[in-house]
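Peer 1: Structure for this input, please:
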Amino acid sequence: MKNFLVIFLSIVVVILALQLARQQPAAPTYASESAPESVVEVVTAVEPLPAGAPSQPTAVSTPKKQTPAPEITALARSLLDASVAGNFEAFKRVVASHGDAHMRRVMSEPSTAETFRRASAVIGPPCRDGYALDSLGSLVQTGHKVHLWRLRPKAGEDEFLVRLTMRGDRLAGFFFQ
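Peer 2: Take a look at the predicted model:
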């Protein structure tokens, strides 16, 4: 009777072990690697952490969304409003008061007025009834601070990406696409 009970319990243990093995996903194997023969091989294959390494994984922090200063957003809105209205003189006044030397020089070139008119023809009609400006954050490129916004016309047309570049506290570029 004792032998029967030992055999019966051994069979139950084997059945449970087989069921557990089926429930656990198999570890991936690669053609260039041979599968370990035992748990001991797996454990000994793991290299120890170098001295001074944290014993627990450290969390990677993601930067918080940066919102531009109110005066930067106001500057972008002034340039956009002039563009939507097709008012080159208003656009030039904003650049004259906030632009760096290069930006002010570009505004005096004859081709700039035509470029402004073409750009205004693209952005003006969908934004005439208003628009929303959503900050997408900012980044640094070649020493300039670049502020990005999503421009959503109320007319429900396509959205635009607005890019305002600052060099220090001076306007160095303004684009939308």
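
Peer 1: Test for you: state the pLDDT assigned to residue 39.
Peer 2: The per-residue pLDDT reported for residue 39 equals 42.

Peer 1: do the same with residue 113
Peer 2: Predicted confidence (pLDDT) for residue 113: 94.

Peer 1: tell me which element the nearest residue to residue 153 once chain neighbours are set aside is part of?
Peer 2: Distance criterion CB to CB, 6 or more residues apart in numbering; nearest residue to residue 153, sequence neighbours excluded, is residue 126 at 3.9 Å. Using the backbone N, CA and C atoms, a C-beta is placed for each residue, glycine as well. Per DSSP states H and E, residue 126 falls inside helix 110-127.

Peer 1: what packs against that helix?
Peer 2: Secondary structure elements in contact with helix 110-127, counted by 3 or more CB pairs under 8 Å, 6 or more residues apart in numbering; DSSP states H and E, are helix 70-85, helix 88-98, strand 144-153.

Peer 1: Make CSV out of those and add mean pLDDT, distance to residue 166 and mean neighbour count.
Peer 2: What follows is those, written out as CSV (pLDDT from 0 to 100; distance: least, CB to CB, whole Å; neighbours: other CB atoms under 10 Å):
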stretch, mean pLDDT, distance to residue 166, mean neighbour count
helix 70-85, 96, 7, 17
helix 88-98, 96, 9, 16
strand 144-153, 96, 5, 18
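
Peer 1: Report the helix or strand with the lowest average pLDDT across the protein.
Peer 2: Ranking every helix and strand in the chain by mean pLDDT, DSSP states H and E puts helix 39-45 at the bottom, with a mean of 43.

Peer 1: Now do the contacts for residue 85.
Peer 2: Contact criterion CB atoms under 8 Å, 6 or more residues apart in numbering gives 120, 124 as the residues in contact with residue 85.

Peer 1: Could you rerun that using 10 Å?
Peer 2: Each residue near residue 85 by CB atoms under 10 Å, 6 or more residues apart in numbering is listed here: 91, 120, 124, 127, 128.

Peer 1: again, but for residue 156
Peer 2: The contact partners of residue 156, by CB under 10 Å, 6+ apart, come to 126, 129.

Peer 1: Just say helix, strand or coil for it.
Peer 2: Going by DSSP: H, G, I helix; E, B strand; the rest coil, the secondary structure assigned to residue 156 is coil.

Peer 1: Now do the same for it: its pLDDT.
Peer 2: Predicted confidence (pLDDT) for residue 156: 80.

Peer 1: ok, it to residue 83 distance?
Peer 2: According to CB to CB, to the nearest Å, residue 156 stands 19 Å off from residue 83.

Peer 1: In this structure residue 117 contacts residue 86, no?
Peer 2: Yes. Look at residue 117 against residue 86 with CB atoms under 10 Å: they come within range, at 7.0 Å.
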